[in-house]
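**Q** mind folding the following:
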Amino acid sequence: MRPGWQADPVTVPPSGARLLLVEDDPDLSDMLAELLAEEGYAVTVARDGQAGLHLGLVRSWDVLVVDRGLPAVEGVDLVRRLRGRGVVAPALVLTARGTVADRVEGLDAGAQDYLVKPFEVDELLARLRALLRRDHLGADAAELSVGSRRFIVGESRVVDGDAEVILSRREGLLLETLARRPRQVFTREELLDLAFDSAETAGAVDTYVYYLRRKLGKETVETVHGVGYRLGSP
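**A** Okay, here's the model as predicted:
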């Protein structure tokens with residue numbers, strides 16, 4: 001196990017939102033992890049900014065909770081680096097600093113919300129629910145962009161001017177998963193969980209990436225070596 005992070009998520013229902021908690025205070029992080037797990041979140045804890053950066057890049061998250069005063073990589077800088085690498089999960093920054101300038105700096109770095117310590121747990125939970133609702137407002141969109149093309153969700157059609165390409169159901173689910181978070185890098189295991197049947201193996205992801213590239217062009221899906229795949233720029 002790498003120093004600074006707890007690799008295994010707290011046990012929660014598998015449908016729970018995936019939450020990365022980056023907090024170096026062991027008492028606070030343990031307390032928050034337990035409370036958040038009781039609320040149904042799948043919580044993974046990182047004990048410093050470097051560990052948070054690593055986990056933020058190699059896994060897919062629904063929401064991030066980041067302490068500002070972290071060792072190794074400061075919290076606002078951590079959010080800024082994740083945004084620069086294409087991580088789009090909404091982030092809430094925890095801080096002991098409550099000035100307007102501090103809040104502005106955190107928001108400008110890419111955080112969606114800012115909560116000053118000490119805080120009430122009920123307020124933290126309410127803010128997280130609001131972030132998740134805001135992040136999923138577009139989840140029922142009828143169309144998604146794939147470069148200059150339009151992907152018609154539910155019909156598995158990709159439209160480019162007067163031309164269109166019909167995808168299989170599995171190809172459509174894979175493309176939809178990538179297109180809903182176009183800057184997010186997904187591991188094969190995450191794509192398998194989101195777009196495939198549980199009986200299938202990670203090799204099925206590679207197979208259907210090949211099918212999508214064959215139908216839509218090899219640049220449609222980008223390989224991020226050592227991590228997985230994300231939507232390309234066809």
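**Q** domain map for this protein?
**A** 18-135, 143-231 (automatic domain parsing).
**Q** of all those, which gets the most neighbours per residue?
**A** domain 18-135 (a mean of 18; mean count of other C-beta atoms under 10 Å). The way it works is simple: take the backbone N, C-alpha and C, and place the C-beta from them, glycine included.
**Q** check contacts around the residue lying closest to Arg83 once chain neighbours are set aside.
**A** Spatial nearest neighbour of Arg83, chain neighbours left out: Gly110 (3.7 Å); criterion: C-beta to C-beta, 6 or more residues apart in numbering. Listed by C-beta atoms under 8 Å, 6 or more residues apart in numbering, the contact set of Gly110 reads 79-80, 82-83, 91.
**Q** strands - which of these land there?
**A** Ala91 (DSSP state E).
**Q** give me the lowest-pLDDT entry from the contacts of Gly110.
**A** Lowest pLDDT within those is found at Arg83 (86).
**Q** that older thread, what's the pLDDT at the residue nearest to Arg83?
**A** At Gly110, pLDDT is 85.
**Q** lowest-scoring secondary structure element of the chain by mean pLDDT?
**A** Within the chain, no helix or strand scores below helix 100-108, which has a mean of 79 by mean pLDDT, DSSP states H and E.
**Q** now the farthest one out in the protein, which residue is it?
**A** Distance from the C-alpha centroid of the chain, by C-alpha atoms, centre = their mean, peaks at Asp162 (34.0 Å).
**Q** contact partners for Glu200?
**A** Leu192.
**Q** so where do the helices sit in this structure?
**A** 26-38, 49-58, 75-84, 100-108, 121-135, 169-180, 188-195, 203-216 (DSSP state H).
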